[in-house]
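Participant: Test case, fold it:
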Amino acid sequence: MRRLWILGLCGMLMLSGCAKKTEVAPESSTEVLIGVPSPMQPVKGSEDFKEIGIFMAAPKQAEQAEYYIIDKTLAEIQFHQDNLKFNYRGAQTEEDITGVYEDRKGDPVRESITVLDETTEMTIEITVQEGRIALWKWNDTHYSLYTPGPIAEADFKKIASELAASSLEAAKHK
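Facilitator: Next up is the predicted model:
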């Protein structure tokens with residue numbers, strides 16, 4: 001009797017394994033395997049950011065620029081420059097928009113930037129893996145620039161300062 005009970009249990013387990021639902025790959029590349037839409041939607045260019053009130057563009061020297069709107073609130077440009085990959089983001093929020101979850105080391109460096117007679121403070125942080133993050137704000141829009149690769153402080157500040165200037169200029173000439 002015990003042997004019959006064990007065989008029955010094994011048979012039920014085998015049948016239940018056959019009845020499992022098989023996931024089908026989504027048709028759209030913006031969906032994950034379980035069919036939930038990705039919050040990261042590719043767009044054609046920085047002009048598309050205007051629909052969420054963000055004014056920013058890739059630097060002129062950027063290569064392989066890709067543009068995204070994340071969760072219908074955050075603009076992101078991924079680009080390469082000087083053999084390094086950068087993520088440039090903008091959003092109208094007080095939350096951390098960097099998308100960098102790596103610990104920071106040392107004290108942040110803060111300096112003032114003046115563009116078109118407006119001044120803001122830029123903060124530069126270094127991650128434990130030697131990546132760099134720049135943060136600044138114009139009016140209600142926060143911006144961040146991140147590269148995971150090693151880059152000289154002066155070179156990073158130059159790129160970040162140029163993007164800070166162009167973001168304000170773009171917002172002023174909407």
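Participant: C-alpha only now, for contacts and for neighbours.
Facilitator: Fine.
Participant: residues contacting the spatially closest residue to T98 that is not a sequence neighbour?
Facilitator: Nearest non-adjacent residue to T98, counting by C-alpha to C-alpha, 6 or more residues apart in numbering: S144, 5.8 Å away. Residues in contact with S144 (C-alpha atoms under 8 Å, 6 or more residues apart in numbering) are N87, Y88, R89, G90, I97, T98, I133, A134, L135, W136.
Participant: Neighbouring strands - and their directions - for the helix or strand hosting the fourth one?
Facilitator: In other words, G90. Element membership for G90 (DSSP states H and E) is strand 84-91. Counting by DSSP bridges, the strands paired with strand 84-91 are strand 74-81 (antiparallel), strand 141-147 (antiparallel).
Participant: Buried residues in the first one, which are they?
Facilitator: Neighbour counts over strand 74-81 (16 or more other C-alpha atoms under 10 Å) mark L74, A75, E76, I77, Q78, F79, H80 as buried.
Participant: just to revisit the earlier point, will you turn the strands paired with strand 84-91 into a markdown table that also has mean pLDDT and distance to A58?
Facilitator: Formatted as a markdown table, the strands paired with strand 84-91 follow (pLDDT from 0 to 100; distance: least, C-alpha to C-alpha, whole Å):
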| stretch | mean pLDDT | distance to A58 |
| --- | --- | --- |
| strand 74-81 | 97 | 7 |
| strand 141-147 | 97 | 11 |
